[in-house]
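>>> output the structure for:
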Amino acid sequence: MPEFYPELEYGTIWLNHLEIPFHLDWLIGVFEKDQFYDWNLNLGVAYTKLLGYRVEDLNKVDVTDQIVYGNKEAFLLQAGTTYHFTKNIGLNLKASLPIRIDGLNWTLAGRLVYLMD
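Here you go, the predicted model:
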């Protein structure tokens, strides 16, 4: 969380993060277990760091310099699931909860997964 937020009418905010996850996966075959594991559950932790950010107000004026981030690192507890529609294409949903960081809340992310052979 930023240490200082000026009173502005915010427009667009870009946050660039690096995330390094470590997960244990439980592979489950539901419909396609003879050919591939179509569903998996995962549980783990991740290290994340805010690499950069950019902020504009509603008038498209860059106000990035007015926002101060002090702590740019966090450790997260993560849990998620992935369902593979085919051997190579799946949908991943993941929830992340920060460990001992005041002001941060849990997040939910969805992403399309493509596995290369």
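>>> drop to CA atoms for contacts and neighbour counts, all remaining ones
Fine.
>>> what is the burial count for L27?
16 (other Cα atoms under 10 Å).
>>> so it makes contact with W39?
Yes. Counting by Cα atoms under 8 Å, L27 does reach W39; the two are 6.3 Å apart.
>>> give the buried residues for stretch 45-60.
V45, A46, T48, V55, E56 (16 or more other Cα atoms under 10 Å).
>>> next one: stretch 13-33
H23, L27.
>>> give me the contact list for it.
Stretch 13-33 is contacted by residues 36-56 when judged by Cα atoms under 8 Å, 6 or more residues apart in numbering.
>>> that stretch - what's its average pLDDT?
Average pLDDT, stretch 13-33: 86.
>>> the residue lying farthest from the centre of the chain is in what secondary structure piece?
Taking Cα atoms, centre = their mean, the residue of the chain most remote from its mean C-alpha position is D34, at 31.7 Å. Under DSSP states H and E, no helix or strand contains D34.
>>> repeat for N92
Taking DSSP H and E as the criterion, N92 maps to strand 89-98.
>>> which helices and strands does that strand pack with?
If you count contacts as 3 or more Cα pairs under 8 Å, 6 or more residues apart in numbering; DSSP states H and E, strand 89-98 packs onto strand 73-84, strand 107-114.
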